[in-house]
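Novice: what would the 3D arrangement of this be:
(chains A, B and C)
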Amino acid sequence: MTDISAIAKSAEVVAPTDAPPRSPAAAFMRRSLRHSGLMIGGIMLLVIVVLALAAPLIAPHDPYAQDLARRMRPPVWHLKGSWDHILGTDKLGRDYLSRLLYGARISLMIGTLTVLISGTIGTLLGVCAGYFGGKIDAVLSYVVTTRLALPVVLVALASAAIVGSSLNGVIVVLGLLLWDRFAVVTRSATQQIAQSDYVAAARAIGCSTPRILFSEILPNILNALIVVATLEMAHAILLEAALSFLGLGVQPPLPSWGLMIAEGKQYMFFSAWVIGIPATALVLLVLAINLVGDGLRDVTAPENRN
Amino acid sequence: MLSFALQRLVVAISVAITVSVVAFLLLHLSGDLAMTIAGPEASAAQVEVIRHQFGLDRSMPVQYFDWLWRALHFDFGTSFYFRDSVVSLVAARIPVTLTLGAISLLISLIVAVPLGVLAAVYSGTWIDRLALSFSVIGQAVPTFCLGLGLIIVFSVNLRWLPVSGNATWQSYILPSVALGWYAIPAVMRLSRNGMLEVLSADYIRTARAKGLAPGMVIFKHALRNAIIPVVALAAVQFGFMLGGSIVVEAVFSMQGLGHLAWEAIARNDFPVVQAVVLILALLYVMLTFLADVANAFLDPRIRLA
Amino acid sequence: MALLEVDDLVVDIATPNGTLHAVRKISFSVERGETLAIVGESGSGKSLTSLALMDLLPRRAVRSAARLRFDGIDLLGIREPQMRKLRGNRMAMIFQEPMTSLNPAYTIGNQLIEALRCHEAVSEAAARDRALQLLDKVGITNAASRLRQYPHQLSGGLRQRVMIAMALMCSPDLIIADEPTTALDVTIQAQILRLLADLKSEFGMAMILISHDLGVVARVADKVAVLYAGDVVESGAARPVFKAPLHPYTRGLLSCIPIPGRTAPGAPLGAIPGQLPNLIGPQHGCAFRARCAFAMAECEAEIPLVHPEPQHDVRCIRLPALEAMA
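Specialist: Numbering: from 1, shown residues only, chains lettered A, B, ... in the order given. So this is what the prediction gives:
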C-alpha cells in the first residue's frame, strides 16, 4: 500500500522545529501580514463569514418565501432585472440573494462541524499512532489505507441515503469519513515532536502520558493541525455541495449552494446565472479557505516553502 | 524486489478483504434491511417473508461469507430495480468509467507535469508564481460546477461538443477535462517539488560539469528521478477519479459505473450499491499496489537491492 | 602562454545581510601538464574558485575577473553554448562527494558513455571501449560487468575512481579536482592520490588540486597557492613554499601537521586560534590579522605582494620581523 509517509509528504505539512529567538507571536504576525495569499484569503473569508452571520439582518427577503408570480427573474444587471431582487429569483420565486446569504451559513456550518468531528477522530488516532508507535502505528496505517480505498463520494452518498439525507446526516457522515488526512499529518507531526528533548525531559521527570500528550505534544502540532483543518474544511464544503447536487445531501427547501445549482440545472441553458451565482459563491469561499490554509502553512513553517 | 512485491501483495489482499467487510456492513447501517426493502407499507408478515427470502435471518458472519463467496464467483445477485443480474449491469458500464478515468488521468498528467517542471526550472520567477496561482484557483472549482460550465461554454454557446451521453469519442472530452481538473494541482505541486529537490542534487552538478545541454540535464537526468513519486501519485489519483466519476457521469449523463451507483442509491438497490463500492475499492487497492511496485521498479536502488 | 590564466578573480554572493566577498581578487596560472594545488580551510573560497572557473556557480553567486583565459579563450566573454563545449571536454571536474555525484537511476556505463558522446561523434561501441579502457586505467577490475552496474552497487572509493574515469573520457587538458579524497577512508585516499599522480604523468594533463590537507598535496603539486578568506596569502613553486613557508598562516598550517620521524612524540601540535573573519561588506587590510601572532596596526592597510625569492610570493608585510625571529 502506498506508504503513509508518502501521503504525509504529499500533504506537505510538517511541524515547525525550534521557535525563533524573538517573540514568536510577533514574528508570526509580521510574516502573516507580508504574505499576500494569506491576507487576500483572510479578508475574503472574513467578509463571507460576516455576511453569513449577518444574514438574518441583511437578507432583503425570506429565503423560503415563494412567490410564483415572480419566478425566474434575472439579476439586476439584466434588462429585465430589478433592484427588488438584486440577484434575481429562482424557479419558485424565492429571492436568490437571500438564499445565497443563508446558503453561506449552511456551507460554513457544515465545514466547521464536519472538521470538528473528523479533526477530533483523526487527531486522536494520529497522535496515538505517532507517540506510541509500534503495533498501534501499524494498525492505524492499516485503517487509513482501508479508508482511502473506499470511494468517498459513493460511500457518503450511500450512507446519506441510508441514514437519511439531511443537514445533520451530511455532517455526521462526512465527519466520520474525512478524518484520514488529520490522522496522517498529526501522526508525522507527533513523531517529530516525540523525539525532541523536551518530551524526553518531561518523561524523565515522571510526567504521565496523557499529560505529555496534552501539554507537550498537542500545542506543538497545533500549527500543522490548523493548516489541515482549513484544507479539510474546504474539502467538506465541496463534498456537501456535490452530495446536495446529486440530491442526497441537504434537502429542499434549505438553500445549500449545491442544491441551488441542482435546482437550477434545468434552466442553465437559458439562464446561466441560476447556476453561475451559487457556483461563483462556492468557488470564492473555497478559494478563500485554501488561500488561508496555504498561507498559514507557509507562515508557520517557512523553511518548508520552496 | 520480488520480496518487496510479495510483501505489498499480501498487504493489498488483506486490505481488500477488510474493504469487502466494510462494503458489506455499509448496507446494514440502516438497522433492519428487511424493513427497508419491504417498504413502509409492508406488514410484519411481509417483512418476515422478505427477511427469509434475502437470507437476512442468518447471522452476520454467515451472510458475509455467503456474499463474499458468491462475489468471488462474480455473482452479485439481482438488481432490485433493473431486474437484471448485477454483474451484467456492471460489466456493461465499467468500460465507460475506465475510459473516462484513463483519459482524465492523461489530461491531468499532460497539463500538470510540464507545468510542474517549468515551475521548478524557473522557480522564483513569474512562471513559478503563475503556475502556483493557477493551482490554487483550480483547486477551488468543484468538479460538477466545472462540468456545467464546460457544457455551457463548449456545448451550448460554441456547439463544438455534445452536451451529454457517451456515444462518440467527442462526448468524453468535456467530462475528462472536468474530472482530470481536480488532480492537476496535486500532481503539479509534486512534480515541482520533486524537480526542485532533484535539481539541487550533486549528480545534476556533475551532469552540468560534463557539458551536457540543459535539455538533457533536465529531462534525462533530473526528471527521471523526480518522476518516481509522481507515478505513484498518478496511480492513486486514477483510483480517486474512478470513485469521483459519479459526479461527472451525473452531470454529463454518461452510462458509467458511477451513474449506475447513483441511480441504485436513490432507489435503495442494495446489491448494486454493494457491488459497485466493492469493485471500485478493489480497483483502488490494485492501483496502489501497482503504484508501489512501479515506485520500486523505477528506482534501481530498490529494484536491485 | 599558460594554459589557464586567472587575474583578479572575484566571487560575490548575495545574502540577506549584504554581499559576501567569498573570493577577493585572486590570481594564478597553470601551465600545460602542471599541477597547481590550492590549499585552504573550509570557507576559504577554494571550491567557489573551481566552480567559478567552470562557470557552475550557484544562482546567487556572481563572478568577475580582470582576466580569465583558458588556452587563449576568454572565458568571461564566451556564451553558454561555447562554455558547454569546453566543460567535460577540455576542462573536466571531479567533485568531493562520490556518494551523491553519480545519478542513481542510470548505469555507470551509461553515464561514462554519455560523457564522451556529448562532445564527440563516436559510436556507442567506440565510447564503450574507451570507457572500459579508462576504468581499467583507474584500477577498476571487472570493468565490463561494472559498466552494467548502478552507482549504489559500488563503494565510495570505486565511485570516485569512476568519477575520475568520467573526467578523462574526453582527454581534457585540465582537470579540476575539488577535494577528491576528503570523503574517503584514509587508506583509499592514498590510493586515489597515487592514481591521480600516475594519470598525470601518463596523460600529461594539467591539474588543479584543491584540498584543505597539505599532506595530500605535497606529493603531487608543482605549484601551490595558499588561500585564506578568499585571498591568496602565499603562492609559488611547491618546493620553496613547503620547505620554507613564509606567511604566518602557511607556517601555522604546516606546524599543525605531525610529521612522522620529525615531530617529537608528545610535542605540542601548533594550532591556529580564532576563526575566519566575516566576509560580508567592504573588506580592507590583511584578512589573517585577527589570528596572527605578528599583527601590527599597519596590517589594516592594503597589503602588497612581495617576492622574497624566485617562484615564491607572499602577501605579508611582516616578513623581515619573521626572518629575524627564525
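Novice: pull out the buried residues from the helix or strand hosting A:Val155.
Specialist: Using DSSP states H and E, the element containing A:Val155 is helix A:152-163. Buried residues in helix A:152-163, defined by neighbour count with 16 or more other C-beta atoms under 10 Å in any protein chain shown: A:Val152, A:Val153, A:Leu154, A:Val155, A:Ala156, A:Leu157, A:Ala158, A:Ser159, A:Ala160, A:Ala161, A:Ile162. The way it works is simple: take the backbone N, C-alpha and C, and place the C-beta from them, glycine included.
Novice: kindly reformat the residues you listed as a markdown table containing pLDDT.
Specialist: A markdown table is the format used below for these (pLDDT from 0 to 100):
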| residue | pLDDT |
| --- | --- |
| A:Val152 | 87 |
| A:Val153 | 86 |
| A:Leu154 | 85 |
| A:Val155 | 85 |
| A:Ala156 | 86 |
| A:Leu157 | 85 |
| A:Ala158 | 84 |
| A:Ser159 | 83 |
| A:Ala160 | 80 |
| A:Ala161 | 78 |
| A:Ile162 | 77 |
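Novice: quick one: which of those is nearest chain C?
Specialist: Nearest to chain C among these, counting by C-beta to the nearest C-beta, is A:Val152 at 34.9 Å.
Novice: nearest residue to the closest one other than its sequence neighbours?
Specialist: A:Leu177 (6.0 Å; C-beta to C-beta, 6 or more residues apart in numbering or on different chains).
Novice: and that neighbour, what does it touch?
Specialist: Listed by C-beta atoms under 8 Å, 6 or more residues apart in numbering or on different chains, the contact set of A:Leu177 reads A:Ser118, A:Arg147, A:Val152, A:Val155, A:Ala156, A:Ser159.
Novice: and it, how far is that from chain C?
Specialist: As judged by C-beta to the nearest C-beta, to the nearest Å, A:Leu177 and chain C stand 39 Å apart.
Novice: same thing with A:Ser32?
Specialist: 19 Å.
Novice: which residues does the helix holding A:Val155 contact?
Specialist: A:169-170, A:172-174, A:177-178, A:239, A:242-243, A:246, A:248-249, B:26-27, B:29-30, B:36, B:243-244, B:246-247, B:258, B:261-262, B:265-266, B:268, B:273, B:276-277, B:280.
Novice: ends of stretch A:123-143, how far apart?
Specialist: Length of stretch A:123-143, first residue to last, C-alpha to C-alpha, to the nearest Å: 14 Å.
Novice: buried ones in it?
Specialist: For stretch A:123-143, by 16+ other C-beta under 10 Å, it's A:123, A:125-131, A:137, A:140-143.
Novice: ok, of the residues you listed, which one's closest to B:Gln53?
Specialist: Closest approach between the buried residues of stretch A:123-143 and B:Gln53, by C-beta to C-beta: A:Val143, at 35.1 Å.
Novice: checking that closest one next. Helix, strand or coil?
Specialist: With DSSP: H, G, I helix; E, B strand; the rest coil as the basis, A:Val143 sits in helix.
Novice: which helix in chain B runs the most residues?
Specialist: Longest helix in chain B, counting residues (DSSP state H): helix B:86-121.
Novice: near chain C at all, that one?
Specialist: No: contact of helix B:86-121 with chain C (C-beta under 8 Å from any C-beta of the partner chain) is absent, the minimum separation being 11.9 Å.
Novice: picking that back up, so what pLDDT did the residue nearest to A:Val152 get?
Specialist: Per-residue pLDDT puts A:Leu177 at 91.
Novice: do A:Asn304 as well
Specialist: For A:Asn304, the predicted pLDDT is 45.
Novice: A:Ala262 versus B:Met1, what's the distance?
Specialist: Using C-beta to C-beta, to the nearest Å, B:Met1 is found at 49 Å from A:Ala262.
Novice: quick one, which of these two is more surrounded?
Specialist: A:Ala262 (21 against 13; other C-beta atoms under 10 Å in any protein chain shown).
Novice: near chain C, which residues of chain B?
Specialist: Counting by C-beta under 8 Å from any C-beta, chain B sits next to chain C at B:201-203, B:205-213, B:216, B:221, B:224-225, B:298-301, B:304.
Novice: so can I have CSV of the contacts of A:Leu177 showing distance to A:Gly93?
Specialist: Below are those laid out as CSV (distance: C-beta to C-beta, whole Å):
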residue, distance to A:Gly93
A:Ser118, 38
A:Arg147, 44
A:Val152, 36
A:Val155, 37
A:Ala156, 32
A:Ser159, 34
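Novice: residues touching A:Phe269, list them.
Specialist: B:Ile152, B:Val156.
Novice: in space, not sequence, find me the middle residue of the chain.
Specialist: Went with chain A since none was named. In chain A, the residue lying closest to the centroid (C-alpha atoms, centre = their mean) is A:Met233, at 0.5 Å.
Novice: you looked at the wrong chain, it should be chain C
Specialist: Nearest to chain C centroid, counting by C-alpha atoms, centre = their mean: C:Ile210, 2.3 Å.
Novice: by contact count, what packs against the helix or strand encompassing that one?
Specialist: C:Ile210 is part of strand C:206-211 when elements are defined by DSSP H and E. Judged by 3 or more C-beta pairs under 8 Å, 6 or more residues apart in numbering or on different chains; DSSP states H and E, the packing partners of strand C:206-211 are strand C:35-39, helix C:46-54, strand C:174-178, helix C:186-203, helix C:214-218.
Novice: so whatever residue of the stretch 201-306 of chain A ends up closest to chain B, which state does it fall into?
Specialist: Closest to chain B within the stretch 201-306 of chain A is A:Leu287: 3.7 Å, counting by C-beta to the nearest C-beta. The three-state label given to A:Leu287 by three-state DSSP is helix.
Novice: need the per-residue pLDDT for the closest residue to A:Leu100 other than its chain neighbours.
Specialist: Closest residue to A:Leu100 apart from its sequence neighbours, by C-beta to C-beta, 6+ apart: A:Ala281 at 5.8 Å. Note on A:Ala281: pLDDT of 93.
Novice: now the helix or strand where A:Ala281 lies, how far from the centre of its chain.
Specialist: Assessed by DSSP H and E, A:Ala281 sits inside helix A:273-300. In terms of C-alpha atoms, centre = their mean, to the nearest Å, the centre of helix A:273-300 is found 10 Å from the chain centre.
Novice: also stretch B:80-88?
Specialist: The answer for stretch B:80-88 is 24 Å, by C-alpha atoms, centre = their mean.
Novice: and C:Leu20, that's in a strand?
Specialist: Yes: counting by three-state DSSP, C:Leu20 is found in a strand.
Novice: what residues sit buried inside stretch C:182-199?
Specialist: C:Ala183, C:Leu184, C:Ile188, C:Gln189, C:Gln191, C:Ile192, C:Leu193, C:Leu195, C:Leu196, C:Leu199.
Novice: which residues does the last one contact?
Specialist: Spelled out, that is C:Leu199. So C:Leu199 contacts C:Lys137, C:Val138, C:Ile164, C:Leu168, C:Met205 (C-beta under 8 Å, 6+ apart).
Novice: swap in the third one?
Specialist: In this structure, C:Ile188 makes contact with C:Gly156, C:Gly157, C:Gln160, C:Thr181, judged by C-beta under 8 Å, 6+ apart.
Novice: ramachandran angles for whichever residue of the stretch 151-300 of chain A sits closest to chain B?
Specialist: Nearest residue of the stretch 151-300 of chain A to chain B: A:Pro151, at 2.8 Å (C-beta to the nearest C-beta). Taking degrees, to the nearest 10, you get phi -70, psi 110 for the backbone angles of A:Pro151.
Novice: can you report how many residues lie near the closest residue to it other than its chain neighbours?
Specialist: Counting by C-beta to C-beta, 6+ apart, A:Pro151 lies nearest to B:Gly243, which is 2.8 Å off, once chain neighbours are set aside. Applying other C-beta under 10 Å, we find 27 residues neighbouring B:Gly243.
Novice: so how far is B:Val276 from B:Gly243?
Specialist: Relative to B:Val276, and taking C-beta to C-beta, B:Gly243 is found at 10 Å.
Novice: C:Ile73 now?
Specialist: 69 Å.
Novice: most widely separated two among the contacts of C:Ile188?
Specialist: Checking these with C-beta to C-beta, the most distant pair is C:Gly156 and C:Thr181, at 10.3 Å.
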